[in-house]
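Peer 1: I'll drop the sequence and a predicted model, then ask my questions.
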Amino acid sequence: MPRYEYRCRTCGDTFELSRPMAESSAPADCPAGHDDTVKLLSTVAVGGTTSATAPARPAGGGGGGGGCCGGGCCG
């Protein structure tokens, strides 16, 4: 079940609730009992590895796919 993060406008506390997606925009009461809350935009962290450098591009602009029309009709 997804977790949604909310902030209470009355006391400023931030809290999370697990609820079905169908209820994601339903009002949420803060744990202190206040009802003036707002749902926060949550970010997702994805783990993995990255290389220190980007792959080299071919010299002379080759490789296709660029330009105004995808490189097929421009000369």
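Peer 2: Yep, it's here.
Peer 1: what sits up against stretch 31-50?
Peer 2: Contacting residues not belonging to stretch 31-50 are listed as 3-11, 13-15, 24-25, 27-30 [Cβ atoms under 8 Å, 6 or more residues apart in numbering]. (Each C-beta comes from the backbone N, C-alpha and C, glycine too.)
Peer 1: What subset of those is buried?
Peer 2: 4, 6, 7, 8, 15, 28, 30 (16 or more other Cβ atoms under 10 Å).
Peer 1: would you say the second one is within a strand?
Peer 2: Yes. Assignment of residue 6 by DSSP: H, G, I helix; E, B strand; the rest coil places it within a strand.
Peer 1: so it sits right up against residue 18, yeah?
Peer 2: No. Residue 6 is beyond contact range of residue 18, at 11.9 Å (criterion: Cβ atoms under 8 Å).
Peer 1: mind listing the helices for this structure?
Peer 2: Per DSSP state H, the chain carries no helices over any range.
Peer 1: shaky segments in it?
Peer 2: Using pLDDT under 70 as the threshold, the predicted model of the chain has low-confidence ranges 44-45, 50-75.
Peer 1: picking that back up, now distance to residue 41 too, for the buried ones among the contacts of stretch 31-50, in JSON lines please.
Peer 2: Putting the buried ones among the contacts of stretch 31-50 into JSON lines (distance: Cβ to Cβ, whole Å) gives the following:
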{"residue": "4", "distance to residue 41": "10"}
{"residue": "6", "distance to residue 41": "11"}
{"residue": "7", "distance to residue 41": "11"}
{"residue": "8", "distance to residue 41": "16"}
{"residue": "15", "distance to residue 41": "15"}
{"residue": "28", "distance to residue 41": "15"}
{"residue": "30", "distance to residue 41": "18"}
